[in-house]
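Student: need coordinates for the below:
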Amino acid sequence: MTVLAAPRLTPLTGTVPLLRLALRRDRLLIPVWVAVNTLMVLSMPTSLEGLYDTPAARAGLLRQVDANSSFRALIGPVFDDSLGALTAWRVGVFAAALAAVTSLLVVVRHTRDEEESGRQELIASGMVGRRASLTAALVAAAVANAALGLLVTAGLAGQGAAGAAAFGLGLAGAGMLFATTAAVVAQLTQSARLARGLTAAALGAAFVLRAAGDSARTDGSSPLTWLSPLGWLENLRAFADERWWVLGLFAAAILAQGALAYGLAGRRDVGMSFLPTLPGPPTGRLGSAFALAWRLQRGGVLGWSAGFLLAGVVYGGLTEGAADLVGDNDKAREIIERMGGRSGLTDAFLASMIGMLGLIASLFVVASVLRLHGEETSGRAEPVLANAVGRPRWAAGHLAIAFGGAALIMLLAGLGFAAGYGRQTLPVLGACLVQLPAVWTVGALTLVLYGWAPRLAPAGWAVAAAILLLGWIGPALDAPSAVLDVSPFAHLPKLPGGEMAWGPVLVLLLSALVLSAVGLAGLRRRDMTT
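Tutor: Numbers count the residues shown, from 1 in each chain. Predicted structure coming up:
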């Protein structure tokens, strides 16, 4: 009788099937966010060429940026007046941050999320190595970042092959660095929410360090800038005598964090962590669906609140220098007025920046509404609904956090603007709050997807990304009104400075109400998934 030897199990056994599964689950998330990031970068040369069409105009921009520490803190220093260098300056920090966010979402989703839901334990019971899931998650993030780097390199090659390659590699390196950061944090924490929050906090700290360093020096040489991976990207100096050795910093940090993540992954049991979640008090106040939703989402709400308050202070402080930066550039003035109205450059700048925060707030409301989907697919909603809690009541708790949280962060943004600018407190607060009908409409659309087709619920991210793309890039490219009007934000009055138009605001409020009712009706009619 022949005895067949059992297949040899290695730490990476099963990586390929898990990678295929990860890419299949992220078949919407990765392409959408890579496309948004790529379009944001590749649209910039055309926009900048229209704004600064002569060497003298571009040289004047360099002098204005060098003299304006606030704009250096926001965007960074500029090292050359070529279109490629101006593109890397204008979108480098934001494109790297977006790549980092995409990477951390992918890695946490396929590591800590899987363990928290219990699916990883089932997977681990088969022929799957101890580090296969972590490897699959990191490779999925690498696929996303490689696609971004290749598309950016190919799209900017006309501005200079070397600069395009450096910029594309820098963006991919920044994304992978935060992917490995998320991998380490996922081993340390027992909650996917906390893993995402801590990694996002690390990204925020990197932005603050870079901003502090760049505000102090005009050449990116501050020690604070060098402490930030976002500062490494700008010091790579794409399209401006590239410093190729800076890529070694990304490689070293990625390898070091990856090795740490692999070491930690081999020293703990599935579902456990090195920093376990502490139990709550023996008696709590979770007597309602709203209280439970607040307990689950309070960390996110508080994090977004702090971020919007800080953003308001920063943007408010930039308002006084907006006129100096634009100078007599009629095309730059036209773009700001297209985004913020024609009520004067200062008011138009305020309106355009507030509008951008409104667009970003739509990401918060989508994430908060999709918490319903996460609770359902993880199986945590089932025991709640088994009690005397109906589906509408359960969903209403999370919707109150989503819509109420959006109102809170926009209110704090308004207070930050008022503090940073030092005037027009009530008009600025009103301008921030008038963004809410459009934000709520995006959240209601996500609820419709979740209520009627839960498998398509993550497409809410695609809706938010498309609206963000239209609001950010559309005015700079002078997109047709018919295209811009697809976004609910295009119908809001341009405040402060413009006239208040109640009609569109009321229509959007009614739309959000009706869409929410439609989404809840779908949730009541369908079966719950597990």
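Student: in which helix or strand would I find the closest residue to Ala293 other than its chain neighbours?
Tutor: Counting by CB to CB, 6 or more residues apart in numbering, the nearest residue to Ala293 once its immediate chain neighbours are dropped is Gly397, at 3.7 Å. The way it works is simple: take the backbone N, C-alpha and C, and place the C-beta from them, glycine included. Take DSSP states H and E as the rule and Gly397 turns out to sit in helix 391-421.
Student: what are the buried residues along that helix?
Tutor: Along helix 391-421, these residues count as buried under the neighbour rule (16 or more other CB atoms under 10 Å): 391, 394-399, 401-403, 405-418, 420-421.
Student: do the same with stretch 504-520
Tutor: The neighbour-count check on stretch 504-520 (16+ other CB under 10 Å) flags 504-505, 508-509, 511-512, 515-516, 518-520 as buried.
Student: could I get the phi/psi values of Thr189?
Tutor: Comment: the main-chain dihedrals of Thr189 come out as phi -110, psi 160, following degrees, to the nearest 10.
Student: Gln257 versus that one, what's the distance?
Tutor: 15 Å (CB to CB, to the nearest Å).
Student: who has more neighbours, those two?
Tutor: Thr189 (23 against 20; other CB atoms under 10 Å).
Student: that one - nearest residue in space that isn't next to it in sequence?
Tutor: Taking CB to CB, 6+ apart, and ignoring the residues beside it in sequence, Thr189 has Ala195 as its nearest neighbour in space, at 4.8 Å.
Student: end-to-end on stretch 469-486?
Tutor: For stretch 469-486, the first and last residues are 11 Å from each other (CA to CA, to the nearest Å).
Student: from the rest of the structure, what touches it?
Tutor: Contacts of stretch 469-486 with the rest of the structure, by CB atoms under 8 Å, 6 or more residues apart in numbering, involve 36, 39-40, 43-44, 46-47, 335, 338-339, 355-356, 359, 466-467, 487, 489-491.
Student: which strand or helix spans Leu104?
Tutor: Under the assignment here (DSSP H and E), Leu104 is part of helix 83-110.
Student: the bottom helix or strand of this structure by mean pLDDT?
Tutor: Least confident helix or strand of the chain, by mean pLDDT, DSSP states H and E, is helix 330-340 with a mean of 56.
Student: show the backbone phi and psi for Leu28.
Tutor: According to degrees, to the nearest 10, Leu28 has phi -100, psi -50.
Student: ignoring the adjacent residues along the chain, who's closest to it?
Tutor: Spatial nearest neighbour of Leu28, chain neighbours left out: Pro458 (5.8 Å); criterion: CB to CB, 6+ apart.
Student: and if you look at Phe94?
Tutor: Using CB to CB, 6+ apart and skipping residues adjacent in sequence, the residue nearest Phe94 is Met40, 7.3 Å away.
Student: output the contacting helices and strands for the strand or helix carrying the one you found.
Tutor: Assigned by DSSP H and E, Met40 belongs to helix 29-42. The criterion is 3 or more CB pairs under 8 Å, 6 or more residues apart in numbering; DSSP states H and E, and the helices and strands that helix 29-42 contacts are helix 83-110, helix 132-156, helix 459-473.
Student: right, and the helix or strand after the last one?
Tutor: Same thing as helix 459-473. Elements were assigned by DSSP H and E; along the chain past helix 459-473, the next helix or strand is helix 481-484.
Student: and for the longest one?
Tutor: If you walk from helix 83-110 toward the C-terminus, the next helix or strand you reach (DSSP H and E) is helix 112-117.
Student: show me what that next one is packed up against.
Tutor: The criterion is 3+ CB pairs under 8 Å, 6+ apart, and the helices and strands that helix 112-117 contacts are helix 119-124, helix 192-216.
Student: looking at those helices, which is buried most?
Tutor: Highest mean neighbour count among those (mean count of other CB atoms under 10 Å): helix 192-216, with a mean of 21.
Student: average pLDDT across that helix?
Tutor: Throughout helix 192-216, pLDDT has a mean value of 85.
Student: distance from that helix to the middle of the chain?
Tutor: Computed by CA atoms, centre = their mean, to the nearest Å, the separation of helix 192-216 from the middle of its chain amounts to 12 Å.
Student: next: stretch 248-265.
Tutor: Computed by CA atoms, centre = their mean, the separation of stretch 248-265 from the middle of its chain amounts to 23 Å.
Student: for the stretch 151-300 of the chain, what spans make up the helices?
Tutor: If DSSP state H, counting those that start in this stretch is used as the criterion, the helices of the stretch 151-300 of the chain fall at 161-188, 192-216, 223-226, 229-235, 246-265, 289-326.
Student: list the contacts for Val442?
Tutor: Taking CB under 8 Å, 6+ apart as the criterion, Val442 is in contact with 362, 365-366, 460, 463-464, 467, 488.
Student: can you list those residues in CSV and add distance to Tyr450?
Tutor: Putting the contacts of Val442 into CSV (distance: CB to CB, whole Å) gives the following:
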residue, distance to Tyr450
Ser362, 16
Val365, 13
Val366, 10
Gly460, 7
Val463, 12
Ala464, 14
Ile467, 18
Pro488, 19
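Student: touching, Ala402 and Val369? I think so.
Tutor: Yes. Counting by CB atoms under 8 Å, Val369 is a contact partner of Ala402 at 4.9 Å.
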